[in-house]
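Turn this into a model:
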Amino acid sequence: MAQIKYAKKKVDNVQNTRKALVEANSTIVEVTGFKPHTGEGKVRMAEPMAIKFRDVAKKLKDEYNIDIDIQDSWRHPDAQDQQHKTYLENVKAGKKVPYVSTSDTSFHTIGYAFDLAQTDKMKQPIVAETLKSMGF
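Residues are numbered from 1 along each chain as shown. Predicted coordinates:
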């Protein structure tokens, strides 16, 4: 199997960013008014992320009449590790699947990541452009 080589500077930057966010010890909050794509559970994020998320959701709604559709947000470390285990099993079985981090490297476990639902609405270029323009 071919090995993927990452630029050390990029990896160090991601690790340093995550370390700084962990050290900030932000409170995980429920983002009220939003439900995951499945309609089950809650959308949770670190408080600074939740504030920024609300801003981008408002902009998408006000300017483009798009309701942001979340697949997943904060994850308990045990759930993240289970997803990583499943990822490894799939890779071992020869399946092409997206990479899933361990709990100690994931931004989901510290509330600084969310996944958009893979719907036509969320795949519109304006969604990605708006997220990027607002620092996501």
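
And stretch 39-59, what's buried?
By 16 or more other Cβ atoms under 10 Å, the buried positions in stretch 39-59 come out as Val43, Arg44, Met45, Ala46, Met49, Ala50, Lys52, Phe53, Arg54, Val56, Ala57, Lys59. Using the backbone N, CA and C atoms, a C-beta is placed for each residue, glycine as well.

give the contact list for the fourth one.
The reference is to Ala46. Shown in contact with Ala46 (Cβ atoms under 8 Å, 6 or more residues apart in numbering): Leu21, Ser26, Thr27, Ile28, Val29, Trp74, Ile110, Gly111, Tyr112.

Show me what the helix-or-strand element of the chain with minimal mean pLDDT packs onto, helices and strands only.
None of the helices or strands of the chain scores lower by mean pLDDT, DSSP states H and E than helix 8-24, at a mean of 77. Using 3 or more Cβ pairs under 8 Å, 6 or more residues apart in numbering; DSSP states H and E as the contact test, no helix or strand touches helix 8-24.

Name the residues that touch that helix?
Contacts of helix 8-24 (Cβ under 8 Å, 6+ apart): Ala46, Pro48, Thr105, Phe107, Ile110, Tyr112.
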